[in-house]
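> Coordinates only, no sequence provided:
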Ligand code: COA
């Protein structure tokens, strides 16, 4: 029986007898480790600066011949194996990324081929570092509406391909990787209870990759002007991230009539240890509640909370029936908070 103590905001909709749960998760990070000491040799930075300002010690970098679709396929295969789902039974693949293999076709289609999910529809979404929560919520709609029974949601990034390796303000922060979740109806579980998402296009310019779209199509000049790399106003992003994640978290908790101490594990977007701490403090959460693997991977954008969720499950930090709060924030600006009964 579903837990009667949990108020499920979706129950007021006409979804009687249907819930959307995560059957299993999987993740993948490339083998190559780039440490702060390695970066000290390439740019004017120090391990001490990076550690104290961000909490990051190392990040993973994909091989030259390893692309977003390859990492996504590895993570997806792990999640499908654990969920005991044959790839041929996947109905839909939604892939969140800002570093697709190419502008089109969608990287989700390349993943479909790589994992043999030939019966699945497939598309990409782009909500930057918030992409995984946006994609979960989209996937959830297909399950709850009974359009599909099995949806594969993936967050995957090869951020090393858009880093300006001469810009110490940004290149120390990001890494590559992928995480995936299998969404299905599951009896006796509330599954994805709610997701509060938001955006603020007025702040689109504080975090962007200006070149490569129709605004600045690739030319020799856009390349020499370094428009194809990620650009960021770190201070503005920092403030906006803390405010947006704390506000979204409160809204999600309010919708479910939950206090923060009912949440077993808070999994925030792994951007910066100081952001994680500030959000945790604002929510009145204990340090034990807030999961972090930032030290080892840095910011992997859309893959970040997906990889962290997989590790939290692997490490036994959450068990079936526990409540999880996913918190994300990214370019757009975009943000989101999702509460899941695991
Ligand atoms: N190594 C050494 N010094 C560095 C450096 C690095 N890697 N990067 C920047 N600096 C320098 C700056 O040039 C600046 O020097 P100056 O005072 O001589 O001009 C100095 O450090 C302080 O920079 P500041 O911007 O004040 O640092 P900060 O405390 O704001 O920290 C960030 C910078 C990027 C770590 C921080 O703003 C941040 O984490 N922002 C959010 C980023 C983020 O999460 N983005 C992704 C969101 S999805």
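It's in. Being a predicted model, the structure only gives us computed values, none of them experimental.

> got the contact list for the nearest residue to residue 244 once chain neighbours are set aside?
Counting by Cβ to Cβ, 6 or more residues apart in numbering, residue 244 lies nearest to residue 335, which is 3.9 Å off, once chain neighbours are set aside. The C-beta positions use only the backbone N, C-alpha and C, and glycine is treated the same way. With contact taken as Cβ atoms under 8 Å, 6 or more residues apart in numbering, residue 335 is in contact with 130, 197-199, 241, 244-245, 248, 328-329.

> and the stretch 51-200 of the chain, which residues reach the ligand?
53-54, 129, 168-169, 172 (Cβ under 6 Å from any ligand atom).

> Put the buried members of the residues you listed into a ChimeraX selection.
The buried residues among these can be selected in ChimeraX (16 or more other Cβ atoms under 10 Å) with this line:
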select :54,129,168,172
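
> Which ones among the residues of the stretch 51-200 of the chain next to the ligand map onto helices?
Among those, the ones falling in helices (DSSP state H) are 53-54, 168-169.

> Just put the residues of the stretch 51-200 of the chain next to the ligand in TSV and tack on distance to residue 144 and pLDDT.
Output for those, formatted as TSV (distance: Cβ to Cβ, whole Å; pLDDT from 0 to 100):
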residue	distance to residue 144	pLDDT
53	42	96
54	38	97
129	25	98
168	45	96
169	42	96
172	41	98
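
> Could I get the full set of helices for the stretch 151-300 of the chain?
Applying DSSP state H, counting those that start in this stretch to the stretch 151-300 of the chain gives helices spanning 168-171, 220-224, 234-255, 273-283, 294-297.

> Compare those helices and give me the one nearest residue 190.
Between residue 190 and the helices of the stretch 151-300 of the chain, the shortest gap by Cβ to Cβ is with helix 234-255, which sits at 12.5 Å.

> so how many other residues sit close to the residue of the stretch 101-250 of the chain found nearest the ligand?
Closest contact between the stretch 101-250 of the chain and the ligand, by Cβ to the nearest ligand atom, is at residue 234 (3.0 Å). Counted with other Cβ atoms under 10 Å, residues neighbouring residue 234 total 15.

> Which residue comes closest to it once chain neighbours are left out?
Spatially, and ignoring its direct neighbours in sequence, residue 234 is nearest to residue 169 (6.1 Å; Cβ to Cβ, 6+ apart).
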